[in-house]
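Student: Just the structure for this:
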Amino acid sequence: MIVGACLAMLFALVHGGVDGEATEAVQGADASPGHQRRPVAGASSAPRPSPSPSRSVHVIRHGAGTFTRAPAGSRTFGRGKPLRYVVEAEDGTEVSARSVAAEVDRVLGDPRGWTRAGAAFRRVAGPPYDFRVRLATPDTTDRLCGAYGLDTGGEVNCAVGTDVVVNLKRWLLLSPYYPDRPAEYHALIINHEVGHRLGYGHRGCPGPGRPAPAMMQQIKGLHGCVANAWPYDADGSLITGPAAP
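Tutor: Predicted coordinates:
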């Protein structure tokens, strides 16, 4: 369990470099869809998840490249010194920063989330902040993540530097494993990426029929596990599994 000063130390270590998958900030660059560094000769491309067939939503591929930040802030979630975050939405996505912020606040404030591990969070209106959640169109996501050597292929999310970049396509179309469950899939995106911000690596399925860890790359398959968006269960037990790449 990570508490107090350990969280701050992990956060600093995570953001100490941007050298591709050598750092957790980039190794964890996928909220649940997979990601890779830019392909080299002989390397396979990032997996291309199929959207849930039950959702017919138009996804704007290219936005303005500028962002609007959600106003005001939130109360503190958890105990101790909070990590400060801002939430932004790319202009032209037809999704408001305010609505994204409400979802992020909901997830980070849930008792099944990382506050159970001793983390604390508070959304702020502007700098200084510890991390930034940005909803971006697929093209802008590729550009932001590509600046760190990641190939998001117009499909997936990433966590790089101090940014959590959420791909508009995943936010709207969700995942085949979360059909018509936007609240749950949004929770998985935020919990997975913020988990990387806290220093947690990827985890695998702990066994058939058991809940998938939030730190599992669930878009690649559940491998016998049951879809789950939360780091902890209702009884306060950590949902985890074997270490995974």
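Student: mind listing the strands for the chain?
Tutor: Assignment of strands within the chain using DSSP state E yields the ranges 36-37, 67-69, 83-90, 121-123, 131-136, 150-151, 158-160, 163-167.
Student: nearest to W230, of those?
Tutor: Among the strands of the chain, the nearest to W230 by CB to CB is strand 121-123 (15.3 Å). Where you see a C-beta, it was placed from the backbone N, CA and C, and this is true even at glycine.
Student: Now do the closest one: distance to the chain's middle.
Tutor: From the chain centre to the centre of strand 121-123 is a distance of 16 Å (CA atoms, centre = their mean, to the nearest Å).
Student: Make a markdown table out of the strands of the chain and add distance to A97.
Tutor: Listed next are these as a markdown table, based on distance: least, CB to CB, whole Å:
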| stretch | distance to A97 |
| --- | --- |
| strand 36-37 | 29 |
| strand 67-69 | 5 |
| strand 83-90 | 4 |
| strand 121-123 | 11 |
| strand 131-136 | 8 |
| strand 150-151 | 24 |
| strand 158-160 | 19 |
| strand 163-167 | 12 |
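Student: Is it possible to get a markdown table of those strands that adds mean pLDDT?
Tutor: Listed next are these as a markdown table, based on pLDDT from 0 to 100:
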| stretch | mean pLDDT |
| --- | --- |
| strand 36-37 | 42 |
| strand 67-69 | 98 |
| strand 83-90 | 98 |
| strand 121-123 | 98 |
| strand 131-136 | 98 |
| strand 150-151 | 91 |
| strand 158-160 | 91 |
| strand 163-167 | 96 |
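Student: what's the closest of the ones you listed to T240?
Tutor: If we rank the strands of the chain by CB to CB, the stretch that ends up nearest is strand 158-160, at 19.0 Å.
Student: pLDDT weak spots in this structure?
Tutor: 1-55 (pLDDT under 70).
Student: which residue is nearest the centroid of the protein?
Tutor: Nearest to the mean C-alpha position of the chain, by CA atoms, centre = their mean, lies E193 at 2.9 Å.
Student: Tell me which of the strands of the chain lies nearest to L108.
Tutor: The nearest among these, by CB to CB, is strand 121-123 at 4.6 Å.
Student: Packing partners of the closest one?
Tutor: When contacts are defined as 3 or more CB pairs under 8 Å, 6 or more residues apart in numbering; DSSP states H and E, strand 121-123 packs onto strand 83-90, helix 97-108.
Student: Convert the C-alpha atoms of the first one to PDB, please.
Tutor: By that I understand strand 83-90. Taking Å, rounded to 0.1, in the frame of the first residue of the first chain, the C-alpha atoms of strand 83-90 are listed here in PDB:
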ATOM      1  CA  LEU A  83      -2.200  15.500  -6.000                       C
ATOM      2  CA  ARG A  84      -3.600  18.500  -7.900                       C
ATOM      3  CA  TYR A  85      -5.000  17.900 -11.400                       C
ATOM      4  CA  VAL A  86      -6.700  19.900 -14.100                       C
ATOM      5  CA  VAL A  87      -9.100  18.600 -16.800                       C
ATOM      6  CA  GLU A  88      -9.300  19.800 -20.300                       C
ATOM      7  CA  ALA A  89     -11.200  19.000 -23.500                       C
ATOM      8  CA  GLU A  90     -10.000  19.700 -27.000                       C
END
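Student: Output the longest helix belonging to the chain.
Tutor: The residue-count maximum for a helix in the chain (DSSP state H) belongs to helix 182-197.
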